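Student: quick one, what's the 3D model for this:
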Amino acid sequence: MTSVAAHHDPRAERALRGARGDEAVLGAIAALVRVAVILWAAPRFPPADDGKYYHVIASRIAEGNGYTWLWPDGAVTFAAHYPVGYPALLGGAYALLGAHPGVAMALHVPLAVLGTLAVRRVAASAFDRRGAFVAGGVFALHPALVAHAPALMTESVSAALLAVAAAAALALRGSSRGVAWGVVGLLLGATAMIRPQLLLVAPAIGALTAPSGVALRRVFAGAGVVTAIAVAACVPWTLRNCQRMGACAFVSANGGWNLYIGTARDGRGTWVPLESIGVPAECREVHGEAAKDSCFGAAGLRRIRADPAGWLALAPAKLGATFDGAVAAASYLHASNPIAFPGAARDRLGAAEVTAQRLTLLAALLALARAPGPRRRARWAVALGAAPFALTPLAWPAWLGVPLGAALLGRGLARHPPALLAAASVVAIAATHVVFFGAGRYALPALAGLAALAGGALGGRSPLREWASVGASPGAGEARESRAPGGASEPPAPAF
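Tutor: Coordinates of the predicted model:
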């Protein structure tokens, strides 16, 4: 949708053309770098780690066998250990183009382009054109995301979908509430079918459907209804599991396993094979997938109740495993083909991933400190206190500085979508993996929000009232930006 101002103001039309040109450039960059990586990777790197299972499940879906597992003895059973969304997505592509890992890799390209454009639009709701372009560029070129394109894994896909859902929430602010809530809720439901833990971000994105200046109850209504729709979108799959698996599993039947593994002190906060910590005695003769998961979950809860202090003491290690050294792409490529990607290459790429993530994190902290609004001194204190951790091996306190700094915006956080998305993503990931266990790849979905927020380190605050408050598209908001040369004035405070 284009605003009336965009039709009558030449400067507005130029601003809109500039924004569209920026998106064309960013989309091309995001696509080209990933196509280059995939052309190199497709003949060299077979599926690895969880990607092996995603590929097999997707192949069976493409063949019309559904989410089932073929055992070595020829038995076929219904399955749900891994979330169904990603293999279902791959299965559709495999049915059309053939069950080859290169097809899965290629599917990541349009998703990354959509994610890049969505990050730019989320950033454009708070920053000027330069800041929005920088934000999109960070997402398009981030080594941790670009090098993850050949991985048949869900993290970079989830990052893109979170950004798309947030951008949709902003774009639909001027539509009827039912349309906005329905579209955003379904997008988040699809994301949850890929990574269920990201449902924790749904209330924040749902809140973005409420225009600026409305009553607080409208914000809460958007958060609650969108979350409810996202959950409801998963219910048909839950009912399938109840019927086919012998026990109900919301999206996937691995929460109990993961909880049990997360109680292992020997794991130092990250994944360890069950052989290392021992299968609970009561679960050894339980064979159904969902029933076994429930048994493991009960065993994990029992261990937590027996030693809650010991379980809580693992929290720093879990946060460290998740946020301190996120080298997901390097680890995957080395695991897939250590000859084509030996240890030295893994270490170099890993260093690039970590460096880029730390720089993105520092930029996000700076953007929060610079943001207009209340408690600016306190936000600067948080940024200056957290930033040094980003320069050390112990980086997780710097990550937690993002939601802390965002919280200091108070009610103004609802007028800062990049900060809200970044904070909610970090909180959701930290909360999930403190309970279960950590790993570097789990931090990748937060890069969408961090990239959008990082644009504020270089870009200025948009001088206009939020475009969403009058129901215009992001491009229309950028068009009206041209009406205030020099970009000085602060938007009025929200009514809530």
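Student: and for Val179, the neighbour number?
Tutor: Around Val179 there are 11 other residues, counting by other Cβ atoms under 10 Å. The C-beta positions use only the backbone N, C-alpha and C, and glycine is treated the same way.
Student: mind listing what it touches?
Tutor: Val179 makes contact with Leu172, according to Cβ atoms under 8 Å, 6 or more residues apart in numbering.
Student: what kind of secondary structure is it in?
Tutor: helix (DSSP: H, G, I helix; E, B strand; the rest coil).
Student: any idea of the pLDDT on Tyr67?
Tutor: As predicted, Tyr67 sits at a pLDDT of 96.
Student: shouldn't it be in contact with Val56?
Tutor: No. Counting by Cβ atoms under 8 Å, Tyr67 stays clear of Val56, with 10.7 Å between them.
Student: show me which of those two is the more surrounded one.
Tutor: For Tyr67 versus Val56, the count of surrounding residues by other Cβ under 10 Å is larger for Tyr67: 21 against 15.
Student: contact partners for the more buried one?
Tutor: Residues near Tyr67 by Cβ under 8 Å, 6+ apart: 57, 60-61, 78-80, 84, 87-88.
Student: hmm, 6 Å instead?
Tutor: The contact partners of Tyr67, taken as Cβ atoms under 6 Å, 6 or more residues apart in numbering, are 79, 84.
Student: how far does the lengthiest helix in the chain sit from its chain's centre?
Tutor: The longest helix of the chain (DSSP state H) is helix 10-41. How far helix 10-41 lies from its chain's middle: 21 Å, per Cα atoms, centre = their mean, to the nearest Å.
Student: which strands or helices does whatever helix or strand comes next after that helix pack on?
Tutor: Going down the chain from helix 10-41, the next helix or strand is helix 50-62, by DSSP states H and E. Counting contacts by 3 or more Cβ pairs under 6 Å, 6 or more residues apart in numbering; DSSP states H and E, helix 50-62 is packed against helix 85-97.
Student: got the contact list for the helix it packs on?
Tutor: Residues from elsewhere that reach helix 85-97 (Cβ under 6 Å, 6+ apart): 54, 57-58, 61-62, 103-104, 107, 154, 193-194.
Student: and Trp69, that's in a strand?
Tutor: Yes. Under three-state DSSP, Trp69 falls within a strand.
Student: ok, now which ones touch the residue nearest to it when sequence neighbours are not counted?
Tutor: Sequence neighbours aside, Ala79 is the residue nearest to Trp69 in space, at 4.4 Å (criterion: Cβ to Cβ, 6 or more residues apart in numbering). Neighbouring residues of Ala79 by Cβ under 6 Å, 6+ apart: 67-69.
Student: closest one of those residues to Ala48?
Tutor: Trp69 (18.9 Å; Cβ to Cβ).
Student: verify the stated contact: that closest one with Ala75.
Tutor: No. Using Cβ atoms under 6 Å, Trp69 makes no contact with Ala75, being 8.8 Å away.
Student: these two: who's more crowded?
Tutor: Legend: neighbour count by other Cβ under 10 Å for Trp69 and Ala75, higher for Trp69 (17 against 8).
Student: quickly note the distance from that one to Ala210.
Tutor: Using Cβ to Cβ, to the nearest Å, we find Trp69 at a distance of 43 Å from Ala210.
Student: could I get the contacts of Ala79 as TSV with distance to Ile261?
Tutor: Listed next are the contacts of Ala79 as TSV, based on distance: Cβ to Cβ, whole Å:
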residue	distance to Ile261
Tyr67	23
Thr68	25
Trp69	21
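Student: strands of the chain, residue ranges please.
Tutor: 68-70, 76-78 (DSSP state E).
Student: what separates the first one from the chain centre, distance-wise?
Tutor: Strand 68-70 has its average C-alpha position 29 Å from the chain's average C-alpha position, going by Cα atoms, centre = their mean.
Student: Tyr332 is in contact with Ala149, isn't it?
Tutor: No. Here Tyr332 does not reach Ala149: they are 10.5 Å apart, not a contact under Cβ under 6 Å.
Student: ok, back up a step: Throw the contacts of helix 85-97 into a markdown table and include distance to Leu404, pLDDT and neighbour count, thanks.
Tutor: Formatted as a markdown table, these follow (distance: Cβ to Cβ, whole Å; pLDDT from 0 to 100; neighbours: other Cβ atoms under 10 Å):
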| residue | distance to Leu404 | pLDDT | neighbour count |
| --- | --- | --- | --- |
| Tyr54 | 35 | 97 | 24 |
| Ile57 | 39 | 97 | 25 |
| Ala58 | 40 | 97 | 27 |
| Ile61 | 42 | 97 | 22 |
| Ala62 | 45 | 97 | 21 |
| Val103 | 42 | 97 | 17 |
| Ala104 | 38 | 97 | 28 |
| Leu107 | 37 | 97 | 20 |
| Thr154 | 28 | 96 | 25 |
| Met193 | 31 | 97 | 20 |
| Ile194 | 28 | 97 | 22 |
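Student: may I ask which two of the residues you listed are separated the most?
Tutor: Greatest spacing in those, by Cβ to Cβ: Val103 and Met193 (20.0 Å).
Student: give me the neighbour count for the nearest residue to Leu391 once chain neighbours are set aside.
Tutor: Spatial nearest neighbour of Leu391, excluding adjacent residues (Cβ to Cβ, 6+ apart): Arg358 at 7.0 Å. Neighbour count for Arg358, taken as other Cβ under 10 Å: 18.
Student: bridging across strands, which residues link to Val76?
Tutor: Note on Val76: beta-bridge partners by DSSP bridges are Leu70.
Student: where's it relative to Tyr67, distance?
Tutor: 11 Å.
Student: kindly report the same for Ala204.
Tutor: Distance, Ala204 to Tyr67, by Cβ to Cβ: 30 Å.
Student: pretty sure Ile457 contacts Ala367?
Tutor: If you look again at residue 457, you'll see it is Ala, not Ile. Yes. Ala457 is within contact range of Ala367, at 4.9 Å (criterion: Cβ under 6 Å).
Student: more neighbours: which of the two?
Tutor: Ala367 (32 against 22).
Student: hang on, the more buried one packs against Gly456?
Tutor: Yes. Counting by Cβ under 6 Å, Ala367 touches Gly456, with 3.0 Å between them.
Student: measure Arg303 to Ala315 for me?
Tutor: 15 Å.
Student: neighbour count: those two, which is higher?
Tutor: Ranked by neighbour count (other Cβ under 10 Å), Arg303 and Ala315 place Arg303 first, with 20 against 16.
Student: flag the shaky bits of the protein, pLDDT-wise.
Tutor: 1-8, 459-496 (pLDDT under 70).
Student: one step back: do you know how far the residue nearest to Leu391 is from Ala171?
Tutor: Taking Cβ to Cβ, one finds Arg358 at 32 Å from Ala171.
Student: swap in Trp396?
Tutor: 33 Å.
Student: which residues of the stretch 51-200 of the chain fall in helices?
Tutor: Ranges of helices within the stretch 51-200 of the chain are 85-97, 101-124, 129-141, 143-146, 155-171, 177-194, based on DSSP state H, counting those that start in this stretch.
Student: centre-most residue in the chain?
Tutor: The chain has Pro445 as the residue nearest its centroid, 2.6 Å off, counting by Cα atoms, centre = their mean.
Student: right, I'll call it a day here.
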